[in-house]
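> Model the following, please.
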Amino acid sequence: MLRKFAAVLLTGAAVLATAHAAAAAPNNGANTEDRLRALEEELDNVNAQLGDLKRSQSTQYDDLNQRAGVITVKLDNGRPTIATGDGNFTLALRTLVQFDWAYYSQGTRPPGTDFSSGSNFRRARFGASGTLFHDWQYEFIYDFGGSGVEAPGISSAFIQYDGIAPLHLRVGAFPPPESFEDSTSASDLVFLERAQPTDIQRGIAGSDGRNAAQVFAYDDDYYASVAYTLGLVNDAALFDEQQAVVGRVAYRLLRSLDYNLAVGGNFSYVFKIADTAAGPGSPTAFRLRERPELNVDSQNIRLVDTGTIDASDYWDWGFEAAGNWKSVYAQGGYFGYNVARRFGPLADPNFSGWYVQASWLLTGEQKPYRPERGAYSSPKPNDPLTFDNVGSGGGIGAWEIAARYSDLDLDYQAGAPGTVKTAAGFRGGDQKIYTVGLNWYPNTAIRFVLDYQHTDVGRLNAAGGSIGAKLDTISLRTQLSL
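Numbers count the residues shown, from 1 in each chain. Just a heads-up that it's a prediction; the model follows:
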């Protein structure tokens, strides 16, 4: 535009100079008059071009001023997203559908225990997220899925303020982060379910649909969060709601294009356990229990369970590490769970759990580290599945093999087989799970997860008899995530 403007000015200057020279030359009659008329026409053309240039500039300024009101619609990886031109307002439609099928082969099992083979929609989430007035974020996700007694309900519904970065403030219903596994999105899990030591922890003071207020901060290397949490959105009515504090820190020690290594620690402290009756001094019914790492069974059977504990407070802690070297990824952690009895001289029980898992992307992709979560996510296939031009290298998607071992011990002063349980003891059981899996990512929106799992539970009843179990399962998940 500046070049055009300069060209017009130079043309005008040349015309004026020529006119001046013509006026200064001797009068040659008709020829001189013709030249003057030609010069006048040239001046008129210059004036017209200057007018066009001014109008063009005015139109462009008007376009810039109006750009904030322009609405754009995109399909980023298949997710519909609407945004204003200035980016102050956005809306993205969100979808996560996980359809699971499983077969349970039951060997040794407690009397009356019968796992139900079959299928269900583990998650069927629909909703929206986006930005308001540049500095505010929002999200509303409703889950229509669930297994057994799980009912549909709000998965997340929150607003978040980002105007004082690196601090971010969030309030509403959402899963407060407690570990690497917990901070990994449900759509990015390596296996069908989270490792049992992390899942039992998140179920106490975290998990989806938890009413909470959170402050967190992060950059490329660190993530830190603290949250005040209450009950779940779908909790039954209680006399006084549970109250807790949940914290997490993670730091990436090593970072490059080929490798990452991060470590983290977390805790949760329940300083107010929900009352079971009205009035002061109400008893509580705190409980630790966990399913095998598969939720298709419609009866929600738990093979390890402490039973109810009249507790005054509870706290847990965990340490983890996660990393990758090119297409190889590994993660693991150790956790402790501590319950304070409300009355009596008996010792306070404590329990523990740990896990380790690893995967290898056979097609060469890397699992990316997400600083805003302080956790890993799913790989993006180098060559998405296509049947076009198969003869010239059609894509097959990303393929991943994985393995995990986890151990959750809910025994405390359990005693030996054949002995009667002491008053201070708990025979919740020790559940060990071995899992191997094969994952296929045809593209960034669709995924298939095939897992084989062996569960071995050692547990005694109050009289010292065995009520352990051995369970083998095979499961398949079909997933759509947008």
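> list the buried ones in the host helix or strand of Asn338?
Per DSSP states H and E, Asn338 falls inside strand 328-341. By neighbour count on 16 or more other Cβ atoms under 10 Å, the buried set for strand 328-341 is 329, 331-333, 335-339, 341. To be clear about C-beta, it is placed using only N, CA and C from the backbone, and glycine gets the same treatment.
> For Val70, give me its contacts.
84-85 (Cβ atoms under 8 Å, 6 or more residues apart in numbering).
> would Asp199 count as being in a strand?
No. Counting by DSSP: H, G, I helix; E, B strand; the rest coil, Asp199 falls outside a strand, being helix.
> hang on, isn't it packed against Arg289?
No. At 11.0 Å, Asp199 and Arg289 do not qualify as touching, with contact defined as Cβ atoms under 8 Å.
> Please produce a markdown table containing the buried residues of strand 328-341, extended by distance to Glu139 and pLDDT.
Output for these, formatted as a markdown table (distance: Cβ to Cβ, whole Å; pLDDT from 0 to 100):
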| residue | distance to Glu139 | pLDDT |
| --- | --- | --- |
| Tyr329 | 27 | 98 |
| Gln331 | 26 | 98 |
| Gly332 | 30 | 98 |
| Gly333 | 27 | 98 |
| Phe335 | 28 | 98 |
| Gly336 | 32 | 98 |
| Tyr337 | 30 | 98 |
| Asn338 | 33 | 98 |
| Val339 | 33 | 97 |
| Arg341 | 39 | 95 |
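> Which single one of those is nearest to Gln137?
Relative to Gln137, the closest of the buried residues of strand 328-341 is Gln331; by Cβ to Cβ it sits at 27.7 Å.
> do you know how far that closest one is from Trp325?
Gln331 is 13 Å from Trp325, where distance means Cβ to Cβ, to the nearest Å.
> Counting by contacts, list what the helix or strand encompassing Ala402 packs against.
Using DSSP H and E, Ala402 maps to strand 398-412. Under the contact criterion of 3 or more Cβ pairs under 8 Å, 6 or more residues apart in numbering; DSSP states H and E, strand 398-412 touches helix 196-205, strand 289-290, strand 304-305, strand 350-361, strand 426-441.
> go again using 7 Å as the cut-off
helix 196-205, strand 350-361, strand 426-441 (3 or more Cβ pairs under 7 Å, 6 or more residues apart in numbering; DSSP states H and E).
> Next, the buried residues of the last one.
Within strand 426-441, the residues that qualify as buried by neighbour count (16+ other Cβ under 10 Å) are 426-431, 433, 435, 437, 439-441.
> The following helix or strand past it to helix 196-205, inter-axis angle?
Sequence-wise, the next helix or strand downstream of strand 426-441 (DSSP H and E) is strand 446-458. If you take axes from the mean of the first three to the mean of the last three Cα atoms, to 10 degrees, strand 446-458 sits at 90 degrees to helix 196-205.
> Spell out the residue ranges of the helices in this structure.
Counting by DSSP state H, the chain has helices at residues 2-24, 30-66, 180-183, 196-205.
> what about the first one, average pLDDT?
Predicted confidence along helix 2-24 averages 46 (mean pLDDT).
> Then the second one?
Taken as a whole, helix 30-66 carries a mean pLDDT of 64.
> now the residue nearest to Val263 when sequence neighbours are not counted: how far from Gly333?
Once flanking residues are discounted, Val263 sits nearest to Ala321: 4.9 Å by Cβ to Cβ, 6 or more residues apart in numbering. Using Cβ to Cβ, Ala321 is found at 7 Å from Gly333.
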